[in-house]
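Visitor: with the sequence up front, the predicted model follows.
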Amino acid sequence: DLLRDISFSLDGKTKNRIAIVGKNGSGKSSFLKTIIGEVPPTEGEVTVHHERIAYLPQEPHFGTHTLVGEYLESLLEETWHAYKIDIAMQKVGLAPDYLIADIAHLSGGERVKVMLTGLLLDDPTILLMDEPTNNLDHAGIAWLEGFINAFSGSILIVSHDRSLIKNVMKEIWEIDSQSKSIHRFGVSYDQFLLERKSRYQRLLTQYDREQAVIDEIKAWLKANEMNAKYRFGALVMSQKQKLEHAIKAHIIKPEPDPEIVPYILPQSEINLILKVAINQKQFGEKVILQNVKFSVH
């Protein structure tokens, strides 16, 4: 199981800015794909009323199209809707000459912008974005923050970029890989970290309290179950039922955040593990790197 008993409603008018966070493998991408219908729920349903949902995957894909303009025109319902391309390109900051650009020669950030341009052609009211900063540099992330702020509908975004979440997202939804549920925090990221820590302490206290009750009942049964005074008596049966109920109601022990402990190699073990010398790297006519040399020990 990835997710269990998830229920919520969204609309574009409220202009929600929601960050989906959680451990790797907790189901963040699957959650978005379930909303758009790419991955149907094992049980339950997703219903869309009067909303247009668009989805930006982790890796933009353009089918067999080679030119930007060719790809965008393929998304139009009618050829006379070409004016929408100009409007959408302005919103993402793409110049008109990108229409004749070769998709294969675009940088990662440019590909994200082209993909978003295509999504905007349908005037979406809800936009889902899966790790959009993966292919963006610092300037590209700053651009994305401006785009998110300007978008007229609601946005759900899966991201590990804490700065982006802090700067533009208003709610945090955390996927709990233990309980398979989603905890919703209608607060900023910094406040979310505080509430999350407080929630962990509350759950740990509850777990310890429940565990103490279970241990106490087990200890009583161990000492008295076979005692002639209580054997086969109502009190033993009552304690066994109490234990069964306590175990069934017992919460899962909450997991603390893992701590990263750096390991420093002794000086005698430090050796050269990587040496890089790049004379030049370019996409089409655009030079990305030149005379890059460094070593890692």
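Guide: Received, thanks. Computed from a predicted model, the values in this text were never measured in an experiment.

Visitor: could you report the neighbour count for Thr66?
Guide: The number of residues packed around Thr66, counting by other C-beta atoms under 10 Å, is 13. Yep, even glycine has a C-beta here, placed from its N, CA and C like the rest.

Visitor: for Leu128, see how far away it is.
Guide: Distance, Thr66 to Leu128, using C-beta to C-beta, to the nearest Å: 27 Å.

Visitor: let me see the ranges of the strands in the protein.
Guide: Remark: strands assigned in the chain by DSSP state E are 17-22, 53-56, 126-130, 154-158, 171-176, 181-185, 274-283, 286-296.

Visitor: closest to Asp1 out of these?
Guide: strand 181-185 (10.5 Å; C-beta to C-beta).

Visitor: neighbouring strands of the closest one in the sheet, and parallel or not?
Guide: The pairing partners recorded for strand 181-185 under DSSP bridges are strand 171-176 (antiparallel).

Visitor: contacts for the partner strand, please.
Guide: Strand 171-176 is touched from outside by 3, 16-23, 26-28, 31, 156, 165, 181-187, 189, 192, 196, with contacts defined as C-beta atoms under 8 Å, 6 or more residues apart in numbering.

Visitor: swap in stretch 272-285?
Guide: Outside stretch 272-285, the residues within contact range by C-beta under 8 Å, 6+ apart are 102, 105-107, 287-297.

Visitor: and Leu2, what pLDDT?
Guide: You'll see Leu2 listed with a pLDDT of 88.

Visitor: ditto for the one 5 residues further on
Guide: What the model reports for Ser7 is a pLDDT of 93.

Visitor: shouldn't Glu73 be in contact with His81?
Guide: No - using C-beta atoms under 8 Å, Glu73 is not in contact with His81, being 9.3 Å away.

Visitor: which one's more surrounded, these two?
Guide: The residue with more neighbours, out of Glu73 and His81 and counting by other C-beta under 10 Å, is Glu73; that gives 16 against 12.

Visitor: list the contacts of that one.
Guide: Contacts for Glu73 were tallied using C-beta under 8 Å, 6+ apart; they are 79, 82, 85.

Visitor: quick one: low-confidence parts of the chain?
Guide: 265, 267-270 (pLDDT under 70).

Visitor: re the thing from before, what about the contacts of Glu73, which are in helices?
Guide: Assigned to helices by DSSP state H, the following of the contacts of Glu73 qualify: Ile85.
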